[in-house]
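Student: What follows is a protein structure lacking sequence information:
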């Protein structure tokens, strides 16, 4: 790792100390660091996010409602999902579909965000929820 730092620092021209010039994202994009999650994400110590059990990942997925599937943007975690629509969904259960993996989820709450409605869901079956999470992380 020190060799990678030295190689990168030598090519970059800045006025800061050599150790502050190393960019992890530069190394990831150039294949010098194999783990794209380096440095690891840290949960904040204060605020709402501090109380979460599972990390959330923003993702495009589909929501299955009775008789239709809707493409949405939201976030998915091991415990559930959140998606945003321009209307409120009246169904108490939905299906979260990611890359041909699906899990039934209970709509726990709905909140209005401007002209949009955020639907917060919890997976009903831990095993199928884990399969959806695996599809997100792969």
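Tutor: That came in fine, so what should we check first? Since the structure is predicted, the reported quantities are computational estimates derived from the model, not experimental observations.

Student: Any figure for the gap between residue 62 and residue 72?
Tutor: As defined by C-beta to C-beta, to the nearest Å, residue 62 lies at a distance of 7 Å from residue 72. Backbone N, C-alpha and C define where each C-beta goes, glycine included.

Student: Next: residue 100.
Tutor: Plainly put, residue 100 is 16 Å away from residue 72 if you go by C-beta to C-beta.

Student: which one of the two has more residues nearby?
Tutor: A direct count of neighbours by other C-beta atoms under 10 Å for residue 100 and residue 72 places residue 72 higher, at 17 against 7.

Student: for that one, helix, strand, or coil?
Tutor: The assignment at residue 72 comes out as strand when based on DSSP: H, G, I helix; E, B strand; the rest coil.

Student: Show me what it bridges to in the sheet.
Tutor: Assessed by DSSP bridges, residue 72 has beta-bridge partners residue 61.

Student: any idea how far residue 126 is from it?
Tutor: To residue 126, residue 72 is 22 Å away according to C-beta to C-beta.

Student: what's the answer for residue 97, then?
Tutor: From residue 97 over to residue 126 the distance is 17 Å, taken as C-beta to C-beta.

Student: who does the biggest helix by length in the chain touch, helix- and strand-wise?
Tutor: Ranked by residue count under DSSP state H, the longest helix found in the chain is helix 126-137. For helix 126-137, the packing partners by 3 or more C-beta pairs under 8 Å, 6 or more residues apart in numbering; DSSP states H and E come out as strand 57-65, strand 68-76, strand 93-98, strand 101-113.

Student: run the last query once more with 7 Å
Tutor: Helices and strands touching helix 126-137, as assessed by 3 or more C-beta pairs under 7 Å, 6 or more residues apart in numbering; DSSP states H and E, comprise strand 68-76, strand 93-98, strand 101-113.
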